[in-house]
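**Student:** The sequence and its predicted three-dimensional model are supplied below.
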Amino acid sequence: MLIRPANPEDAAFVGAIRVAAWQAAYRGFMPDAYLASLDPSANLDSLRAAVRAETPPFLLRVAEVESQPVAFSILGKPRYAADQSIAELWALNVHPSHWRKGLGQRLVMQARLDAKEQKFAHVELWCIQGNLAAQRLYEACGFRPNGQVRTTSSLTGSPLTELAYKYAL
């Protein structure tokens, strides 16, 4: 397995991985109609542009198995009001055909290293409450719930509750 920075040509893989991972992991948390409507080609032009940017708004890493992207992570400044010393793990998606093979853990560890290199003091992330596989992964990687909880329906039209996790670098 290889973890590397993404390039613009990876965008279609990222879209397909995201949709497959969400449809498998979020069944029961998000409405079936919403999951069925996910489009792997959505927002790929903006993703390509962000990856091409001289100063990208985030760090997109891809994990490859046999030269094929099968997982990705996105690390950036928090998308919410936060201290400047905090980085946010925006996304971690592994194609379901590669679940429980250590890819998620390796990407989380790489995100921690990247955040430390960028001089952040903490990494935070949001995880859907009840997504026990994800919660166990983050806790195995040293993240701990920080007590913050948020519920929103803006993404799916139905309430979705998330827990915040934090890791001190």
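**Tutor:** That came in fine, so what should we check first?

**Student:** Does Lys116 fall in a helix, a strand, or a coil region?
**Tutor:** helix (DSSP: H, G, I helix; E, B strand; the rest coil).

**Student:** Tell me how many other residues surround it.
**Tutor:** Counted with other Cβ atoms under 10 Å, the neighbours of Lys116 add up to 13. From N, CA and C alone the C-beta is placed, and that goes for glycine too.

**Student:** what sits against the spatially closest residue to it that is not a sequence neighbour?
**Tutor:** Closest residue to Lys116 apart from its sequence neighbours, by Cβ to Cβ, 6 or more residues apart in numbering: Leu169 at 4.7 Å. Contact partners of Leu169, counting by Cβ atoms under 8 Å, 6 or more residues apart in numbering, are 112, 115-116, 120-123.

**Student:** With secondary structure as extra columns, can I get those residues in CSV?
**Tutor:** Conversion of the contacts of Leu169 to CSV gives the following (three-state DSSP):
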residue, secondary structure
Arg112, helix
Ala115, helix
Lys116, helix
Phe120, coil
Ala121, coil
His122, strand
Val123, strand
